[in-house]
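# Need coordinates for the below:
(3 chains, ligands or ions: 2)
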Amino acid sequence: VPTQAAAPAAPVVAPAPAVAAAPATVPTQNGRATAGGAVLAKPPVRKLARDLGVDLTALTGSGPLGSITREDVQRAAAGVAAEPTPV
Amino acid sequence: MSEPNDATFDIVILGGGSGGYATALRAAQLDLSVALIEKGKLGGTCLHNGCIPTKALLHAAEIADQTRESEQFGVKAELVGVDMAGVNSYKDGVISRLYKGLQGLVNGSKNITFVAGAGKLVAPNTVEVDGKRYTGRNVVLASGSYAKSLPGLEIDGERVITSDHALVLDRVPSSAIVLGGGVIGVEFASVWKSFGVDVTIIEALPRLVAAEDEESSKALERAFRKRKINFKVGKPFEKVEKTDNGVKVTIAGGETVEAELLLVAVGRGPNTANLGYEEQGVTMDRGYVLTDERLRTNVPNVFAVGDIVPGLQLAHRGFQQGIFVAEEIAGLNPAVIDEAGIPRVTYCDPELASVGLTEAKAKEQYGADKVKTYNYNLGGNGKSQILKTTGFVKLVRVEDGPVVGVHMIGARVGELIGEAQLIYNWEAYPAEVAQLVHAHPTQNEALGEAHLALAGKPLHSHA
Amino acid sequence: MSEPNDATFDIVILGGGSGGYATALRAAQLDLSVALIEKGKLGGTCLHNGCIPTKALLHAAEIADQTRESEQFGVKAELVGVDMAGVNSYKDGVISRLYKGLQGLVNGSKNITFVAGAGKLVAPNTVEVDGKRYTGRNVVLASGSYAKSLPGLEIDGERVITSDHALVLDRVPSSAIVLGGGVIGVEFASVWKSFGVDVTIIEALPRLVAAEDEESSKALERAFRKRKINFKVGKPFEKVEKTDNGVKVTIAGGETVEAELLLVAVGRGPNTANLGYEEQGVTMDRGYVLTDERLRTNVPNVFAVGDIVPGLQLAHRGFQQGIFVAEEIAGLNPAVIDEAGIPRVTYCDPELASVGLTEAKAKEQYGADKVKTYNYNLGGNGKSQILKTTGFVKLVRVEDGPVVGVHMIGARVGELIGEAQLIYNWEAYPAEVAQLVHAHPTQNEALGEAHLALAGKPLHSHA
Ligand SMILES: Cc1cc2nc3c(=O)[nH]c(=O)nc-3n(C[C@H](O)[C@H](O)[C@H](O)COP(=O)(O)OP(=O)(O)OC[C@H]3O[C@@H](n4cnc5c(N)ncnc54)[C@H](O)[C@@H]3O)c2cc1C
Ligand SMILES: Cc1cc2nc3c(=O)[nH]c(=O)nc-3n(C[C@H](O)[C@H](O)[C@H](O)COP(=O)(O)OP(=O)(O)OC[C@H]3O[C@@H](n4cnc5c(N)ncnc54)[C@H](O)[C@@H]3O)c2cc1C
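Numbering: from 1, shown residues only, chains lettered A, B, ... in the order given. Ligands and ions are numbered 1, 2, ... in the order given. The predicted model follows:
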C-alpha cells in the first residue's frame, strides 16, 4: 500500500520558527496571484477598474505583494479622465 | 526499528474528523501518500455527533413550529406530536447517507490508507496503532475534542448529559436545563422548545452567545424571551442534585431550577490526553496543541489542525486548515488563514451568522471614531416579512475603508453568510456591494440594502 | 403656457412602481426635486400584484407541503386544508406593511411631490395629470407592464385569468391549466400543486423556464414530474373553449386539456399605449421604449426604466436602473449596468437561481473549447440532505478565466444568489472563492464546493 519512495519529496523543511518569518516576497495563492494568470488585485478592485475603464495589466501595484489597490486604480482613472471627455 | 509490516507515508494523520479527512483528501489530490488513522467513525464529531445531527434536529424543530403556526399563513394543520423514533431515524438516515459518501471518497483514493484503530504518537514522525507503526515524512495531529464538564459536575448520561447523549435521546423530556448559553447550548434549547419542552438556559457570562456582537446577543435574548425559552445570564453554576424526577441546579445567589434533565454544554476540550503528544515534545497549553500561523507545531514536520488548535471550534475551520496543511506539505505555499474571515453560524431559531469583527473588536482595533456601523432591520425586507421573522443585518466598516464585520440574526440568515464571507475576505467597500442591486424579494436583499445604506444611498430604509 | 398651478421639477417620473420609486428616492437623496406620478398604488406591480403576493403564496405553499410531509422528519401533523381567506389575509398583511413603509419613505422626503392620477406625456419635458402640468428638467418614463394574452384568447377574469386575478382568487380550484412555462407560470403551478390543485402547464417552447440554462430546465422538469405537476412542452396553444365546469384548451396536434380555469402567463407587455410617448417623438419598438445603455431615450433628457425597457422584467432591475438614472441626472456618472449581472430567481419549488451566462451562451461568446463547467450535486451537501432537497450548483467559467455563469436549483437556493452575484460581477476566479471555505453545514457550502472542484481541489465530491 504505502509509499512510493519517489513521491514528491515533501518539500520545505526548515523547522519553522514559532513565529514564521512571513515570506514577504513570495506571492501566495491569496486571491492576489491566482492560478490562471489573473491580475494581482482583489475581485472588487478588478470590478472597479472595469467600471472606470482602467486596464489593470498596465498598472504596477502598490499594495502588499505588489497587488493593485483601489488607489492605484483611481489614480489611473484620474489620469484618463484628464483627457477631454465628450459629455 | 522498521518491522516488516510497518509502513511509511508522506503524511500520517491522527484522527479522521473534519480536520483529518480534509487533510487526507487534499493531500491525496496532490499525489501524496497518506495514512488516515481513526479509532471511531470516519467523519468524526461533526458528522456523527455534531453539526449534522444537530441540524437535522433543528430542521425537525422548524417543521414542528411551522405546523404549529401554520394558521397564520392560511394553512390549517394540526400538530399531533413529535415522534422521537421518527426524528431519530430521519437524522440517522441523513448521517448514514453522508457517511457513505465520505467513505466512498476516502476509499476511492488510491493514495489514502485508512487505518481503523486508536493511534498514539510514539516518535515525532510515527503513530502506532495496535502494535503497528505508521511513519510519516509529516505527521498531522487531528484528534479533535470532547464535551467538557465543570469540576464537581458528573455526567451520568441519564439525567446529567452532554450533547453526545442529547443527540440520541429516545424521548422528548418534559423539561430541561441547559448549562451554557454558547452555540451548542442555544441550539439544543431551541430544538427542545420547538419540541414542546420547558427549557431554561443557565449562563455564567452576562449574555447568551457571548462571542457574538452584543447587538446579536440582545436580539437573540429578545427572540428567546418571545419564544418563552427561559434563561438566566451572569449566573455561574454552583451545584446539581438529583431529585425524584430529575435534577435540581443551584446557581450563584442560591436560586434553584428543577427539570427532568440537565444538558451540560460548557464548551469542548481538546482530545489530546495520553496520545503521546507531550512525550514527543509537542508544546501544549492546557491540552491544546500550539502551532504557528502555518499550523506547524514546534516539532519539525508535525502539524496540527481542527479543534485541538486554539481558536474557533468549527468543522469548516478544520476543513480549511486541513487543506492548508496538505498544500503546505506539498510546497504550494498557501496563504495564511485569517481566523476572523471564517464564517460563524448558530442554527437556533432565529439563526445567527457573522464573519469578521464585532463592533467592539473593530473599535479596539481601529479606534472608536474610525468605526461606522449600520443596522438594517429585517422589518423592511419583504422576504423576511413573508417568513414572519424579525432581526437585522448589521455592518461594521472602517471609515472610508472596507467592511470589517457582518452580523445577522433572523430565520434562515445562516445562508447569507457566504456572501458576507466574500465581502469581508475580499475587503470590499460598501459602495462596491451597493452597486449590485440584489434579487427581489430575497433575504439576501437585506445584505444589499445594508450596504446601500452604509454607502449613503439607502433604498428601502432611512440612512 | 405656464399656468399658475403648474410646477417645475428636476425630474418628473411617470409611474410609481419599482423603477419609478427607486428613481425618486435616489434623486431625493441627491437633493433633486421630484414629481412622482402614479395612477394606482405606489409600489406598482411588484408590491401589489407581483413579487410580493406571489412569494407570500409560495411560502404558504411551502408550509402546506412541509406539513403534508412532516412525518418524514418525525413530526406528526395533519394537514386539514388550505383556507384561501386565511392565505389572502396573510398575503394582504404582508403587502400592507410594506406599502406603509414605502409610503413613509416617499412622503417623508421633502424633495418628492407625490401626484395621484393618470399622467400623459404632453411635451418632451411635461406630463399632464388631470389638467395640471408637471414640467421637468428631466423626465423618466416608468409606466411598467401588464399581463399579455394571445390573439383570440380573451381574458374574462373568471375562467380565463391572468396573474392579477389568480392573486385574488377566493378559492382553491380543483384543477388549473397554466399557459406558459416561464417564471410566472411555474410559480403559480407550484403554488397550486402544493394547495392540492391538479395542474397542467402548456408551453410552446421545448422546455420549461427556457431562459435558464438547459440543465436547470431539465432538473426542474424532473422535479415537477416527481411532484406530479403535468406539463406539455413544445406545444403551442391553439384555442380555448368554455365547458360546463370550466375550460377546454386545444394545443398543437389537436390534444385537449380540461380544467376549472386557465391562467394565461405568456409574458408581460409594456404599458405604453396612449401615454403620449410616440407623439413626443420617443423611439419605440413594439411598444417598448428604446434607450441606450445609459437609459436615455432618443429625446434629450427623457429617460426610461423598468419593464418598458427591453430586457429582464425584474423588480430589482427596475431599482438598479432607477438608481442609475437618478445618479446620471445628478452628474455622478455611474457605471453602466451589466444586464447579465442582474440575478434571476424563480421561486417555485424547487427554486431556481442564476446569474451571468448560461453554458450555451458562454460557448457562443467565448468558443466551446474555452468554456469549462462543473456541476456540484446537492446530494453531497449536508444541509440539502437535511432539507431532503435535490438539485445542483453549476458553474460556467472561461478557461483560465473567471466564473461567467452560476446556475442553481434546489429548495431555498434563491438565497445563494447574492454570493453568486458578487462572484460574477467581480469576475472572481474559482480559486479565489475556493480559498474561502464555507460555513458547515449550509447550502451555500455547495457554492463553495463547486468552486473548490472547479479550482481542481474538490472537497466533498469528485473532480
Ligand atoms: C453538538 C455539536 C454541534 C456542532 N455543530 C457545528 C456546526 O453546526 N458547524 C460547525 O462548523 N461545527 C460544529 N461543531 C463543531 C465541529 O463538530 C468540530 O469543530 C469539528 O468536528 C472538529 O473537527 P476535528 O477534526 O478537529 O475533530 P473531530 O471531528 O472531533 O475528529 C477527531 C477524530 O479523531 C478521532 N480520534 C481521536 N483520538 C484518536 C486516536 N487516538 N486514534 C485514532 N483516532 C482518534 C476521533 O474518533 C474523531 O473521529 C459542533 C460540535 C458539536 C459537539
Ligand atoms: C405575478 C408576478 C410576479 C413577479 N415576481 C417577481 C419577482 O419575484 N421578482 C422580481 O424581481 N420581479 C417580479 N415580477 C416583475 C416585477 O413586478 C416587475 O419587473 C416590476 O414591477 C417592474 O417595475 P416597473 O416600475 O417597471 O413597473 P410597475 O411595477 O408595473 O410600475 C408601473 C407603475 O406605473 C403606473 N402607471 C402606469 N401608467 C401610468 C400613468 N399613465 N399614469 C400614472 N401612473 C401610471 C402603474 O400604476 C404602476 O404602478 C413579477 C411580476 C408579476 C406580474
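# What's the biggest helix in chain B, counting residues?
Counting by DSSP state H, the longest helix found in chain B is helix B:84-107.
# Show me what it is packed up against.
For helix B:84-107, the elements it packs on are helix B:18-29, helix B:44-49, helix B:51-68, strand B:112-116, strand C:75-82, helix C:382-387, judged by 3 or more C-beta pairs under 8 Å, 6 or more residues apart in numbering or on different chains; DSSP states H and E. To be clear about C-beta, it is placed using only N, CA and C from the backbone, and glycine gets the same treatment.
# Tell me which of those is the most buried.
helix B:18-29 (a mean of 28; mean count of other C-beta atoms under 10 Å in any protein chain shown).
# SS state for the closest residue to B:Gly152 other than its chain neighbours?
In space, not counting the residues next to it along the chain, B:Gly152 is nearest to B:Lys239; the distance is 6.9 Å by C-beta to C-beta, 6 or more residues apart in numbering or on different chains. Put simply, B:Lys239 is strand when judged by DSSP: H, G, I helix; E, B strand; the rest coil.
# same deal with B:Leu312?
Quick answer, by three-state DSSP: B:Leu312 is coil.
# so how far is C:Gly20 from it?
46 Å (C-beta to C-beta, to the nearest Å).
# Quick one: closest of the helices and strands packed on helix B:84-107 to B:Phe9.
strand B:112-116 (7.1 Å; C-beta to C-beta).
# and the closest one, is it in reach of chain C?
No - Strand B:112-116 lies out of reach of chain C by C-beta under 8 Å from any C-beta of the partner chain, never closer than 13.9 Å.
# related to what we said a few turns ago, give the bridge partners for the residue nearest to B:Gly152, please.
B:Thr250 (DSSP bridges).
# I figured it hits B:Ala252, correct?
No - checked against C-beta atoms under 8 Å, the pair B:Lys239 and B:Ala252 is beyond contact range at 10.7 Å.
# how near is the residue most central in space within chain B to chain A?
Residue closest to the average C-alpha location in chain B (C-alpha atoms, centre = their mean): B:Leu314, at 4.2 Å. Relative to chain A, B:Leu314 is positioned 21 Å away (C-beta to the nearest C-beta, to the nearest Å).
# residues contacting that residue?
Counting by C-beta atoms under 8 Å, 6 or more residues apart in numbering or on different chains, B:Leu314 touches B:342, B:344, C:439-440.
# Among those residues, which lie within strands?
B:Arg344 (DSSP state E).
# Considering the contacts of B:Leu314, which is situated nearest to ligand 2?
Closest approach to ligand 2 among the contacts of B:Leu314 (C-beta to the nearest ligand atom): C:Ala439, at 26.3 Å.
# Which residue comes closest to the closest one once chain neighbours are left out?
Spatial nearest neighbour of C:Ala439, chain neighbours left out: B:Pro343 (4.2 Å); criterion: C-beta to C-beta, 6+ apart.
# In the chain, where is pLDDT below threshold?
Because you didn't say which chain, this covers chain A. In the predicted model of chain A, residues A:1-39, A:80-87 satisfy pLDDT under 70.
# should've been chain B
Ranges of chain B meeting pLDDT under 70: B:1-5, B:463.
# got the residues of it near chain A?
Applying C-beta under 8 Å from any C-beta, we find that chain B lies next to chain A at B:7-11, B:30-33, B:35, B:113, B:137-138, B:292-294, B:296, B:298, B:300-301, B:327-336, B:422, B:425-429, B:432, B:435.
# Which members of these occur in helices, if any?
Those of the residues of chain B next to chain A lying in helices (DSSP H): B:327-329, B:422, B:425, B:432.
# ok, which of those also contact chain C?
B:422, B:425, B:432.
# now these in TSV, with neighbour count?
Converted to TSV, those look like this (neighbours: other C-beta atoms under 10 Å in any protein chain shown):
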residue	neighbour count
B:Leu422	28
B:Asn425	23
B:Glu432	26
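# for those residues, which one is nearest chain A?
Chain A lies nearest to B:Glu432 out of these, by C-beta to the nearest C-beta, at 4.5 Å.
# That closest one: what's it in contact with?
By C-beta under 8 Å, 6+ apart, the contact set of B:Glu432 is A:44, A:47-48, C:426.
# Quick check: phi and psi at B:Ala453.
Phi and psi for B:Ala453, reported as degrees, to the nearest 10, are phi -70, psi -40.
# how close does it get to chain C?
Taking C-beta to the nearest C-beta as the criterion, B:Ala453 is separated from chain C by 11 Å.
# now swap in A:Arg70 and tell me
In this view, A:Arg70 and chain C are 13 Å apart by C-beta to the nearest C-beta.
# Pull the number of nearby residues for that residue.
Residue neighbour count, defined by other C-beta atoms under 10 Å in any protein chain shown, stands at 19 for A:Arg70.
# pretty sure it is touching B:Tyr429, no?
Yes - counting by C-beta under 8 Å, B:Tyr429 is a contact partner of A:Arg70 at 7.5 Å.
# returning to what we had before: most widely separated two among the ones in helices among the residues of chain B next to chain A?
Using C-beta to C-beta, these reach their maximum pairwise distance at B:Ile329 and B:Glu432, which is 36.1 Å.
# Next, count neighbours for B:Asp130.
B:Asp130 has 9 neighbours, counted by other C-beta under 10 Å.
# Identify the residues contacting the closest residue to B:Asp164 other than its chain neighbours.
Distance criterion C-beta to C-beta, 6+ apart; nearest residue to B:Asp164, sequence neighbours excluded, is B:Asn49 at 5.3 Å. Residues in contact with B:Asn49 (C-beta under 8 Å, 6+ apart) are B:163-164, B:167.
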